[in-house]
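Q: my questions concern the predicted model and sequence given below.
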Amino acid sequence: MNILYKLYSFLIALPLFLVVTIVVAICVTIAAFCGDSVYIGYYLPKWWSRFTLWVFLIPVKTEGKQLIDAHQSYVFLANHQGYFDIFLIYGYLGHNFKWMMKEYLRKIPFVGLACEKSGHIYVGDSRASMQKTVVQAQETLREGMSMVIFPEGTRTHNGQMGEFKKGAFTLANEIGLPIVPLTINGSFDIFSRNAYSVTRHPISLTVHRPIIAEDRKGKPTRILMQEVFDVIHGDLEEKYQ
């Protein structure tokens, strides 16, 4: 069965994914040039992500989406297990947002330009780049848009969570937006940073209760970081803990 799936994923799913990805990226870029980076820039990638999970035959489960308000802006913080985290959150979070992503992703053909033109934020390693990122993120959040950030800063090597960086928490506190922890399970088994092919495995997204600004008032950042870490970590499957 595994051999059949590998053949299917390479010969059918992957080519379809690449074609649809290019088409969606071009459409998003054109829409952004025409002045629409919000509606098309969200809904096309949302259905692209759902298509990707569907074509690779990945079972998806979500919990807790009723806890967030469609009209409220949030800073969503998620653990980062693998490549399919992107498709899971984009396709099934059910809330418009912008990504904060690594600078090297800008180099991906078609996709990098589409992300840039639709308002997603790239962050580099230099101090100047980070300062620019903070300013862009502040502007994005103040305009009423939500943001998704992986506070570990990179994908896990072994399925377990790494330490959080404090930038996302400082940003949320400066703007006064609710923080929403997200727990991802299964993405590491589908396509981890060390994998060379996709493996069929269930994936799930758990949306936790928002932590509003009033509940964080006067709380040291390191304490808040640990609390959010514990919420996300507490809902991980045992093998990832």
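A: Received it, and whenever you're ready, just let me know what you need. Numbers count the residues shown, from 1 in each chain.

Q: name the residues of the lowest-mean-pLDDT helix or strand in the chain that are buried.
A: For the chain, counting by mean pLDDT, DSSP states H and E, helix 127-142 ranks last in confidence among helices and strands (a mean of 74). Using 16 or more other C-beta atoms under 10 Å as the test for burial, helix 127-142 gives T133, V134, Q136, A137, T140, L141. C-betas here are computed from N, CA, C, even on glycine.

Q: the first one contacts M100, doesn't it?
A: Looking back up the chat, that one is T133. Yes - taking C-beta atoms under 8 Å as the definition, T133 is a contact partner of M100 at 7.1 Å.

Q: list the contacts of the residue nearest the centre of the chain.
A: Taking C-alpha atoms, centre = their mean as the criterion, I86 is the residue nearest the geometric centre of the chain, at 4.7 Å. For I86, the contacting residues are S49, W99, by C-beta atoms under 8 Å, 6 or more residues apart in numbering.

Q: confidence score at L205?
A: Per-residue confidence (pLDDT) for L205: 98.

Q: what about it, which SS state?
A: Taking DSSP: H, G, I helix; E, B strand; the rest coil as the rule, one finds L205 in the strand state.

Q: can you count the residues close to it?
A: 24 (other C-beta atoms under 10 Å).

Q: so what sits opposite it in the bridge?
A: T62, I184 (DSSP bridges).

Q: hang on, it packs against F87?
A: No - here L205 does not reach F87: they are 10.5 Å apart, not a contact under C-beta under 8 Å.

Q: spit out the residues that contact T133 and M100 alike.
A: I121, V123.

Q: quick check, I58 in a helix?
A: No - applying three-state DSSP, one finds I58 to be coil, outside a helix.

Q: list the contacts for it?
A: F84, I190, R200, H201, P202, I203.

Q: for the first one, grab phi and psi.
A: In this entry, F84 is assigned phi and psi values of phi -80, psi 0 (degrees, to the nearest 10).

Q: where does it land on pLDDT?
A: 98.

Q: from S204, how far off is it?
A: 11 Å (C-beta to C-beta, to the nearest Å).

Q: likewise for the second one?
A: Taking C-beta to C-beta as the criterion, I190 is separated from S204 by 11 Å.

Q: so these two - more neighbours on which side?
A: I190 (23 against 18).

Q: the more buried one touches F84, doesn't it?
A: Yes - I190 is within contact range of F84, at 4.8 Å (criterion: C-beta under 8 Å).

Q: any residues in contact with both of these two?
A: In contact with both I190 and F84: I58, I203, using C-beta under 8 Å, 6+ apart.

Q: sec struct for the nearest residue to G159 once chain neighbours are set aside, please.
A: Spatial nearest neighbour of G159, excluding adjacent residues (C-beta to C-beta, 6 or more residues apart in numbering): F188 at 4.2 Å. Classification of F188 by three-state DSSP places it in helix.
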